[in-house]
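Enquirer: Return atomic coordinates for the entry below.
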Amino acid sequence: MRNEKPKFAIGQLHIEDGSTIKENLQKAKKMVEEAKSQGAEGILFPEIGFEPFFPKHPWNTKAFDSAEQIPGPISDFLGEVAKGNNMVICASYMEEGFTGEYYDSAIVIDSDGALLGTQRMIHTQEVGDDNEKF
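Expert: You can find the predicted model right below:
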């Protein structure tokens, strides 16, 4: 039985205007590698952590262009990163369920690269400039 608490890192990306999800995933990969080198067993990325936070831009339908299915290219990439570093990864991005059906979803990937689960946001915020229901 394990006597120590697992050590998790927080991966906060600075998202540049005009950057792509692919570029930001490469930044995330470097963060995973750095966290691993410092003894972390897992890393947690923020909500919609690989692109500009779209709810701050009400009615911008371009945000939906970045949505991907789960499993899909983003979860596959993060699975490879997790497996290559023997790290658990928790991340969030926009999921396209059925065509035209979008979710702010979080995934958990085990240290062997397996997708353990997905959680879709169920409580959204509609205050001020936040437009999460859209």
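Enquirer: CA atoms for contacts and neighbours, from now on please.
Expert: Noted.
Enquirer: Alpha carbons of the longest helix seen in the chain, in CSV - could you do that?
Expert: If each helix of the chain is counted by residues according to DSSP state H, the longest one is helix 21-37. Output in CSV follows, covering the C-alpha atoms of helix 21-37 (Å, rounded to 0.1, in the frame of the first residue of the first chain):
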residue,chain,number,x,y,z
ILE,A,21,-4.4,24.0,-30.6
LYS,A,22,-1.6,21.9,-32.1
GLU,A,23,1.1,24.4,-31.1
ASN,A,24,-0.5,24.7,-27.6
LEU,A,25,-0.5,20.9,-27.2
GLN,A,26,3.2,20.9,-27.9
LYS,A,27,3.7,23.5,-25.1
ALA,A,28,1.6,21.1,-22.9
LYS,A,29,3.8,18.2,-23.8
LYS,A,30,6.9,20.2,-22.6
MET,A,31,5.1,21.0,-19.4
VAL,A,32,4.3,17.3,-18.8
GLU,A,33,8.0,16.5,-19.4
GLU,A,34,9.1,19.3,-17.0
ALA,A,35,6.6,18.2,-14.3
LYS,A,36,7.8,14.6,-14.6
SER,A,37,11.4,15.7,-14.2
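Enquirer: ok, residues contacting it?
Expert: For helix 21-37, the external contacting residues (CA atoms under 8 Å, 6 or more residues apart in numbering) are 9, 11, 13, 15, 42-43, 50-51, 66, 78, 81, 85, 87.
Enquirer: which of these count as buried?
Expert: Burial by neighbour count, judged by 16 or more other CA atoms under 10 Å, picks out 9, 11, 13, 15, 42, 43, 50, 51, 78, 81, 85, 87 from the contacts of helix 21-37.
Enquirer: Show me the helices in this structure, by range?
Expert: Taking DSSP H to define them, one finds helices in the chain at 21-37, 73-85.
Enquirer: Check those helices for me and report the most buried one.
Expert: Between these, the one whose residues have the most neighbours on average, counting mean count of other CA atoms under 10 Å, is helix 73-85 (a mean of 19).
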